[in-house]
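1. Got a predicted structure here, sequence first:
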Amino acid sequence: MESDFYGLQKDIWKFIRRQRSDLNEIIKAEAIDDDTWSKYLSTLYSSNIAEVPTDNTRNIPDIRSIEVTNIDQDDVTNALRNLKNRKSAGRDQIPNELLKYGGTALIEELTKLFSKILKNQKIPAEWKVSILILMFKKGARNDPNNYRGITLLSTTLKLLTKIITNNLLAKTSIAEEQQGFRTEPTRCKLELEGKVIEQVSQFTYLGIPTTSYGDLYHEVLQQTIKANKIAGCLKGPILRNKHISKQVRGRIYKAVIRPIMTYTSETRADTSKIKSLMETSEMRTLRTIEGTTLRDRIPSKQIRERCKVKEINEWIQHRRSEWNNHISRMETTRIVE
């Protein structure tokens, strides 16, 4: 039975987390009456909307002057293809899956319905009714400001708005300053001596992947994978070799494997997720040196003491202090300073 548990522990923990989320997701707000909710929600988005400037020096088409008068089956099919599964339905209880897999007959009926709506410029009254779910965040539960509202709209209405958005984007261009409604971030045009410099979202420099969107976790993950590969190569001949003392094997880990994971760690800001990733990778290697597994339930601190290895995040913090002192001792004329 114990072996079955360890073989299925990933699935078991997924089930437990799912049950916990289901229990914590819905909280009854009995302490807040309906009048308080009504006043809070009526003033939530009551700020004045700024006037849209009429200056059009860049010859960008005014979106208000564009009319979407015709919707064909290709528009509906393309919008249906991009619908996500397992999304909450609105008051009509029509999920996205029902629209996506309804077949050609449903696409024809949706096309007729959407075309009629555009022609009459009026949507069904049922689509104007939504379901508001208030999610508790933190703080006092009798304070409406501590709740986040999620509105469940009709999936058919959202499908129509998606089709209209696609048609508008096909007929107009987005200003470079705008970041919303973009599939890719904007990039500036760089030139050097008359030559345009190619811009990419990711490249590898000195073996370290660098991204334009600052995905530091992905960079550290790649370093950790490389370190684990080296540890796998040394696993048989060195790390599990009983003819070599644990202290010597620990020194080999510190000299060969740890530098790969901690490369550039002196100048980066690690998150709790990155720290957990490196600690997990380090303990996997140290348990190989110690000849134990998680089932033995030996504390990590005890394994580190036996291998004479300092905890990796504490070691990184010490290295950062040394690097900071090194920079501080430099003269002000140095480029680094």
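-> The structure has been received and is ready for your questions.

2. going forward, measure contacts between C-alpha atoms and count neighbours the same way
-> Noted.

3. Torsion angles phi and psi at residue 98?
-> phi -70, psi -40 (degrees, to the nearest 10).

4. how does this protein divide into domains?
-> What automatic domain parsing lists as the domains of the chain is 23-34+67-171, 202-328.

5. could I get the ones you listed as JSON lines with mean pLDDT?
-> As requested, these are exported to JSON lines (pLDDT from 0 to 100):
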{"stretch": "domain 23-34+67-171", "mean pLDDT": "85"}
{"stretch": "domain 202-328", "mean pLDDT": "87"}
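
6. In JSON lines, list the ones you listed along with distance to residue 11 and mean neighbour count.
-> Shown next, in JSON lines, are the domains of the chain (distance: least, CA to CA, whole Å; neighbours: other CA atoms under 10 Å):
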{"stretch": "domain 23-34+67-171", "distance to residue 11": "19", "mean neighbour count": "15"}
{"stretch": "domain 202-328", "distance to residue 11": "17", "mean neighbour count": "15"}
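
7. Turn the ones you listed into a markdown table, including distance to residue 334.
-> Output for the domains of the chain, formatted as a markdown table (distance: least, CA to CA, whole Å):
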| stretch | distance to residue 334 |
| --- | --- |
| domain 23-34+67-171 | 49 |
| domain 202-328 | 10 |
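
8. Distance of residue 297 relative to residue 287?
-> Distance of residue 297 to residue 287, given as CA to CA, to the nearest Å: 11 Å.

9. okay, and the common contacts of the two?
-> By CA atoms under 8 Å, 6 or more residues apart in numbering, residue 297 and residue 287 have no common neighbours.

10. So which residues of the stretch 101-250 of the chain form helices?
-> In the stretch 101-250 of the chain, the segments counted as helices under DSSP state H, counting those that start in this stretch are 104-120, 155-171, 216-234, 246-252.

11. Which among these is found nearest to residue 31?
-> Residue 31 lies closest to helix 155-171 among those, at 32.1 Å (CA to CA).

12. The closest one packs against which elements?
-> Contacts defined by 3 or more CA pairs under 8 Å, 6 or more residues apart in numbering; DSSP states H and E place helix 155-171 against helix 73-81.

13. Recalculate using a threshold of 10 Å.
-> Applying 3 or more CA pairs under 10 Å, 6 or more residues apart in numbering; DSSP states H and E, one finds that helix 155-171 contacts helix 73-81, helix 96-100, helix 104-120.

14. Now do the contacts for the residue sitting nearest the centre point of the chain.
-> Note on the chain: the residue nearest the mean C-alpha position is residue 215, at 9.8 Å, using CA atoms, centre = their mean. Applying CA atoms under 10 Å, 6 or more residues apart in numbering to residue 215 gives the contacts 202, 209.

15. if I look at it, how far off is residue 204?
-> 13 Å.

16. before we move on, what about residue 286?
-> 29 Å.

17. Then residue 95?
-> 43 Å.

18. rewinding a little: can you redo the helices of the stretch 101-250 of the chain as JSON lines with distance to residue 311?
-> Shown next, in JSON lines, are these (distance: least, CA to CA, whole Å):
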{"stretch": "helix 104-120", "distance to residue 311": "60"}
{"stretch": "helix 155-171", "distance to residue 311": "51"}
{"stretch": "helix 216-234", "distance to residue 311": "16"}
{"stretch": "helix 246-252", "distance to residue 311": "12"}
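
19. of all those, which lies closest to residue 128?
-> helix 155-171 (8.9 Å).

20. Tell me what angle the closest one forms with helix 104-120.
-> In terms of direction (axes from the mean of the first three to the mean of the last three CA atoms, to 10 degrees), helix 155-171 departs from helix 104-120 by 70 degrees.

21. any idea of the angle helix 155-171 forms with helix 73-81?
-> 120 degrees.

22. Adjust the sequence numbering to begin at 39 for everything that follows.
-> Yep, numbering from 39; the last one is helix 193-209 now.

23. From the chain's centroid, how far away is helix 193-209?
-> From the chain centre to the centre of helix 193-209 is a distance of 25 Å (CA atoms, centre = their mean, to the nearest Å).

24. ok so, going back, and the helices and strands packed on helix 193-209: which comes nearest residue 236?
-> Here helix 111-119 is closest among these (CA to CA), at 31.7 Å.

25. So which elements touch the closest one?
-> Using 3+ CA pairs under 10 Å, 6+ apart: helix 111-119 touches helix 134-138, helix 142-158, helix 193-209.

26. To residue 311, which of the helices of the stretch 139-288 of the chain lies closest?
-> helix 254-272 (7.7 Å).

27. now residue 242: how far from residue 306?
-> 17 Å.

28. Then residue 113?
-> Taking CA to CA, one finds residue 113 at 46 Å from residue 306.

29. go on, residue 256?
-> 13 Å.

30. same deal with residue 124?
-> In terms of CA to CA, residue 124 sits 38 Å off from residue 306.

31. All the strands of the chain, in order from the start?
-> 169-174, 185-190, 229-230, 233-234, 240-243, 246-249 (DSSP state E).

32. what would these look like in TSV with distance to residue 145?
-> As requested, the strands of the chain are exported to TSV (distance: least, CA to CA, whole Å):
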stretch	distance to residue 145
strand 169-174	26
strand 185-190	23
strand 229-230	48
strand 233-234	46
strand 240-243	40
strand 246-249	40
